[in-house]
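Asks: I'll drop the sequence and a predicted model, then ask my questions.
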Amino acid sequence: MNQHLKRLHDLDGECRLLAHTADILNWDQETYMPEKAVEERSEQLALLQGLLHDRQTSAEIGDLLSALGSTQGTPAGDPGLPPVERDFLRALWRDYSKNTKLPRDLVTEFARETVVSQSVWQEARKRSDFALFKPHLARIVELSRQVGAAYGFADRPYDGLLDDYEPGNGQEKLDAVFGALRTDLVVLLGKISSRPRVRDDFLSRPFPIAGQDAFARRVAADIGYDFGRGRLDLTAHPFTTTLGSDDVRITTRYDERAMAGGLFSVIHEAGHGLYEQGFDPEIRGSLLADGTSMGIHESQSRFWENVIGRSLPFWSHYFPILKDAFPSQLADVGLEEFYRAINAVTPSLIRTESDEVTYGLHIILRYRLEKELIGGTLSVEDAPAAWNAAMRELLGVEVPDDASGILQDVHWAGGLFGYFPSYALGNLYGAQFYATMRRDLPALDSDVASGRFSPSLGWLRDRIHRFGRRCEPGEICERVTGGPLEARFFVDYLNAKYRDIYGF
Ligand code: ZN
């Protein structure tokens, strides 16, 4: 191999190792770390992020990139290089040019502040005390603005943040997509609300946690999540993290009185895990072994959670097994009744517990607030009232306290402004992929009904997972579905599904 290229791979490999080491500390913080360890943990992470930043922005990487012909106009470098190396250079050039725009002090301050503010947020949520969290949120909004501006978006810093999660999807594009989506969701919600409510009382009966955990682990393994290269732990806010090529961890939370919540969290996170466990060995250990965008990542988790995991074929296979595990809780419940219950549509307070129809409205609310907070048209002081007003307007729900309002999600405390839109984009990508998958796999429903998930997983591996960052999100969408991202596939999917369930 070209000496320059070999050196660049070595430098990138070291950056991956450092990044994964920092991720281990983050994972530990969210799972096992004692509460009082937060201060030193924030220093550990600030130090590691500083070291990583030094390496990622070293002049040597810049020199090697230009020696290989990788520049702003030609990020993929010398056209004579093998395709995988050109993809490597294109991705590295993108990261390098973004990282070098961020001052080192901003990177370490951001790392330090987000560790502390996540810990304060936990306490604030517990006590439903926004005032406790407010100064930290204000600081993170300010730091996030600085990040967006440093990326070169001084006029519209929120666009700079969005670009981190979904390259090429700024506010203008999202305004259009979410505007259309909102109209369609409100119409569908209107039709559903005119129909009788479905029965779902049995979902809040007590389901012992050990039994929930055993069932969830079985489902995760059945759909293909490899526990030999991962593990499942408990946390306050479920997430997936990759700590090494063969170490992709998922997390969940269980509640005895909310059986569906824990199970669907596990299926969701296992969907992320399947993506991370499915990269081609050719890109192992390099920056290409990563999700191409958070929208595509969410398309995978939400596909397994909702499109497969909340489908009738899936439960025609699993319901008898679940009933065996919980005979007294489900004695008076039939398969179709259970299917309708896990898909019941009810405008509610909490995003992570919401159904597929109202979920998008929760995201549109957060998108609107983020845009205004980062854009400077909404103050942190006024944010809880703005949240409550938007809940009323979009979902018709009154927010009783900040714990079930603005304090419900960890994302802002973690510095993840710009992330929320990925969830809704994931639903749209997922439905569009699914429409193509159904054409390619005519036996899909009967496979799922027999507990055979390898055809659908194989399809996703072949078309999406193995490439990692080798393809941009827009390119994957075009290649897999033959067209750009469109909301209509998701809206058609929802209409067909809920017409059956609610009979309109
Ligand atoms: Zn997710």
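Replies: It's in. Numbering: from 1, shown residues only.

Asks: quick one: the strands in the stretch 201-350 of the chain?
Replies: Here the stretch 201-350 of the chain has its strands, by DSSP state E, counting those that start in this stretch, at 232-234, 240-244, 247-252.

Asks: right, so those: which one is the most enclosed?
Replies: Of all these, strand 247-252 has the most neighbours on average by mean count of other C-beta atoms under 10 Å, namely a mean of 23. For every residue, glycine as well, the C-beta is placed using N, CA and C.

Asks: parallel or antiparallel, list what pairs with that one.
Replies: If you go by DSSP bridges, strand 247-252 pairs up with strand 232-234 (parallel), strand 240-244 (antiparallel).

Asks: now whichever helix in the chain runs longest, how far from the chain's geometric center?
Replies: In the chain, assigned by DSSP state H, the helix with the most residues is helix 3-31. Offset of helix 3-31 from its chain centre (C-alpha atoms, centre = their mean, to the nearest Å): 21 Å.

Asks: still on that earlier bit, mind putting the strands paired with strand 247-252 in TSV, mean pLDDT and distance to Ala424 included?
Replies: Listed next are those as TSV, based on pLDDT from 0 to 100; distance: least, C-beta to C-beta, whole Å:
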stretch	mean pLDDT	distance to Ala424
strand 232-234	98	26
strand 240-244	98	19
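
Asks: wait, which of these is closest to Pro347?
Replies: Within these, the stretch nearest Pro347 is strand 240-244; the backing value is 28.0 Å (C-beta to C-beta).

Asks: what's near enough to touch Gly414?
Replies: Applying C-beta atoms under 8 Å, 6 or more residues apart in numbering, we find Gly414 in contact with Thr114, Ser117, Gln118.

Asks: got it, and Phe338?
Replies: Contacts of Phe338 by C-beta under 8 Å, 6+ apart are Phe202, Trp315, Phe319, Leu322, Leu330.

Asks: mind checking how far the fourth one is from Gly309?
Replies: When C-beta to C-beta, to the nearest Å is the yardstick, Leu322 and Gly309 sit 12 Å from each other.

Asks: coming back round to it: by neighbours, which of the contacts of Gly414 wins?
Replies: Highest neighbour count within those, by other C-beta atoms under 10 Å: Thr114, with 25 neighbours.

Asks: for Ser144, which non-adjacent residue is closest in space?
Replies: In this structure, Ser144 finds its nearest non-sequential neighbour in Phe417, 4.5 Å apart by C-beta to C-beta, 6 or more residues apart in numbering.

Asks: quick one: contacts for the one you found?
Replies: Contacts here follow C-beta under 8 Å, 6+ apart; on that basis Phe417 touches Ile140, Val141, Ser144, Tyr158, Leu161, Glu370, Leu373, Ile374, His411.

Asks: try Glu486
Replies: Counting by C-beta under 8 Å, 6+ apart, Glu486 touches Leu428, Gln432.

Asks: quick check: phi and psi at it.
Replies: For Glu486, the backbone dihedrals (degrees, to the nearest 10) come out as phi -140, psi 140.

Asks: tell me which element Leu394 falls in.
Replies: Using DSSP states H and E, Leu394 sits in helix 383-395.

Asks: hey, where'd the helices end up in the stretch 351-500 of the chain?
Replies: For the stretch 351-500 of the chain, the helices defined by DSSP state H, counting those that start in this stretch cover 356-375, 383-395, 421-440, 444-449, 454-463, 473-481, 488-502.

Asks: quick one: contacts of the helix or strand encompassing Thr183?
Replies: For Thr183, the element it lies in under DSSP H and E is helix 171-193. Here helix 171-193 makes contact (C-beta under 8 Å, 6+ apart) with 156, 158-159, 162, 345, 347, 357-358, 360-361, 363-364, 367, 371, 394, 421, 424-425, 428, 485, 487, 490-491, 494-495, 498, 502, 504.

Asks: OK, contacts around the residue lying closest to Arg16 once chain neighbours are set aside?
Replies: Counting by C-beta to C-beta, 6+ apart, the nearest residue to Arg16 once its immediate chain neighbours are dropped is Gly285, at 6.0 Å. Shown in contact with Gly285 (C-beta under 8 Å, 6+ apart): Gly13, Arg16, Ser245.

Asks: among these, name the buried ones.
Replies: Neighbour counting with 16 or more other C-beta atoms under 10 Å marks Arg16, Ser245 as buried within these.

Asks: quick check, pLDDT for Met1.
Replies: On pLDDT, Met1 comes in at 63.

Asks: about what we covered before: let's have the contacts of Gly285 in CSV, adding pLDDT.
Replies: Converted to CSV, these look like this (pLDDT from 0 to 100):
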residue, pLDDT
Gly13, 97
Arg16, 97
Ser245, 95
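
Asks: got the contacts of Gly285 as TSV, with distance to Ser42 columns?
Replies: Shown next, in TSV, are the contacts of Gly285 (distance: C-beta to C-beta, whole Å):
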residue	distance to Ser42
Gly13	27
Arg16	23
Ser245	28
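
Asks: how many residues are close by Ala389?
Replies: So Ala389, with other C-beta under 10 Å, has 13 neighbours.

Asks: next one: it relative to Ala413, how far apart?
Replies: Distance, Ala389 to Ala413, by C-beta to C-beta: 22 Å.

Asks: now do the same contact list for the nearest residue to Arg392 once chain neighbours are set aside.
Replies: Once flanking residues are discounted, Arg392 sits nearest to Glu398: 6.6 Å by C-beta to C-beta, 6+ apart. Glu398 makes contact with Asn388, Met391, Arg392 under the criterion C-beta under 8 Å, 6+ apart.

Asks: and those residues, which are buried?
Replies: For the contacts of Glu398, a burial check counting by 16+ other C-beta under 10 Å picks out Asn388, Met391.

Asks: out of the contacts of Glu398, which is nearest to Ile250?
Replies: Met391 (29.6 Å).

Asks: I figured that closest one hits Leu349, correct?
Replies: Yes - contact between Met391 and Leu349 holds when scored by C-beta atoms under 8 Å: they sit 7.4 Å apart.

Asks: now do the shared contacts for the two.
Replies: Between them, Met391 and Leu349 share these contacting residues under C-beta under 8 Å, 6+ apart: Val397, Val399, Gly405.

Asks: center of the chain, which residue is that?
Replies: Central residue of the chain (C-alpha atoms, centre = their mean): Glu298, 4.5 Å from the mean position.

Asks: how near is Phe420 to Leu185?
Replies: 16 Å.

Asks: which positions within the helix or strand hosting Glu40 qualify as buried?
Replies: Using DSSP H and E, Glu40 sits in helix 38-56. The neighbour-count check on helix 38-56 (16+ other C-beta under 10 Å) flags 38, 41-42, 44-46, 48-50, 52-53, 55-56 as buried.

Asks: again, but for stretch 454-467
Replies: By neighbour count on 16+ other C-beta under 10 Å, the buried set for stretch 454-467 is Ser456, Leu457, Trp459, Leu460, Arg461, Arg463, Ile464, His465, Phe467.

Asks: and the contacts of stretch 107-117?
Replies: So stretch 107-117 is in contact with 29, 38-39, 41-43, 45-50, 53, 133, 136-137, 139-140, 143, 147, 413-415, going by C-beta under 8 Å, 6+ apart.
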